[in-house]
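Undergrad: how would this look folded up:
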Amino acid sequence: MSAAAEGVASGRGPGRPRDMAKRCAILLAARRLFIQQGMAAVTMEAVAAAAGVSKMTLYSRFRDKEALFEAVVVFTSEAMIAEMSRTQAEGGTLAESLAALGRAFLALTCSPDMIGAERGLMMALHDNPALAERFYAAGPARTEGSVAAVLRQAAARGEIQVDDPLEAAGDLLALWQGGMCKRLSLGLQAPLSAEQIEQRSRAKTEMFLRAFAPSKAEA
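TA: Now for the predicted structure:
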């Protein structure tokens, strides 16, 4: 997890390796409980027990459940973003880099656990506008911003033509996902296999790149 994620969660920089391992265990346990039980039903005591730490240890890192939830969202979104960064570091093309993020995005947002947790999560966030803002900034906005940064760089290289990279990033995320989450939530579609996720992320990325290809006059 990056120093930025640390700052959002607790206002502290990264500590010793043992501290980071303990922090990771807490975030993984909290995420599992939030998905299984819904945010409203999860207590800080339950998270501490699931992570194998004391309540004092948990509260020393996260002042309350909302701060813990926000850190879990950052932790999850950074895992998706890291997959794209890894592909770029290996010299992947723009299409490969975007498809890599598409795979990670779909694997998370269309997973059975996430689909099952979405109903309760949306209800909880609807009743807590301040937490909804924090959730959006820590998760969806971070993902959209990371995609926008890649698109902005690609536009500067002349690989694509976009007027507003952030808006284009939103278009690409919507294209990857389509109406699948709604169908999955309603039980009208079986969960996607890894192969289906791979095919969809590549096909929708190629569709996006065709739509935003530079015009011949500017190529």
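
Undergrad: Correct me if wrong: Arg103 contacts Glu96.
TA: No: at 10.5 Å, Arg103 and Glu96 do not qualify as touching, with contact defined as Cβ atoms under 8 Å. In short, each C-beta sits where N, CA and C put it, glycine included.

Undergrad: quick one, phi/psi of the most centrally placed residue in the chain?
TA: Centroid check for the chain by Cα atoms, centre = their mean gives Ser77 as the closest residue, at 2.8 Å. Main-chain torsions, Ser77, degrees, to the nearest 10: phi -70, psi -30.

Undergrad: surely it meets Arg142?
TA: Yes: in this structure, Ser77 is within contact of Arg142 by Cβ under 8 Å, at 4.8 Å.

Undergrad: Now do the buried residues in stretch 66-83.
TA: 67-78, 80-81, 83 (16 or more other Cβ atoms under 10 Å).

Undergrad: Of these, which belong to helices?
TA: Within those, residues falling in helices by DSSP state H are 67-78, 80-81, 83.

Undergrad: Let me know the distance separating Val163 from Phe212.
TA: Wrong residue type there; residue 163 is Asp, not Val. Counting by Cβ to Cβ, to the nearest Å, the gap from Asp163 to Phe212 is 10 Å.

Undergrad: Which one's more surrounded, these two?
TA: Between Asp163 and Phe212, Phe212 has the larger neighbour count (other Cβ atoms under 10 Å), namely 18 against 8.

Undergrad: show me the contacts for that one.
TA: Ile160, Gln161, Val162, Ala168 (Cβ atoms under 8 Å, 6 or more residues apart in numbering).

Undergrad: Which of the helices or strands spans the last one?
TA: According to DSSP states H and E, Ala168 maps onto helix 165-177.

Undergrad: now the second one
TA: Following DSSP H and E, there is no helix or strand that holds Gln161.

Undergrad: which residues sit in contact with it?
TA: If you count contacts by Cβ under 8 Å, 6+ apart, then Gln161 has Ala155, Phe212, Ala213, Pro214, Ser215, Glu218 around it.

Undergrad: what does the first one give?
TA: By Cβ under 8 Å, 6+ apart, the contact list for Ile160 reads Leu94, Leu151, Ala154, Leu209, Phe212, Ala213, Pro214.

Undergrad: do you know how far the nearest residue to the fifth one once chain neighbours are set aside is from Ala46?
TA: This means Phe212. The spatial neighbour of Phe212 that comes closest, neighbours along the chain excluded (Cβ to Cβ, 6 or more residues apart in numbering), is Ile160 at 4.4 Å. Distance, Ile160 to Ala46, by Cβ to Cβ: 46 Å.
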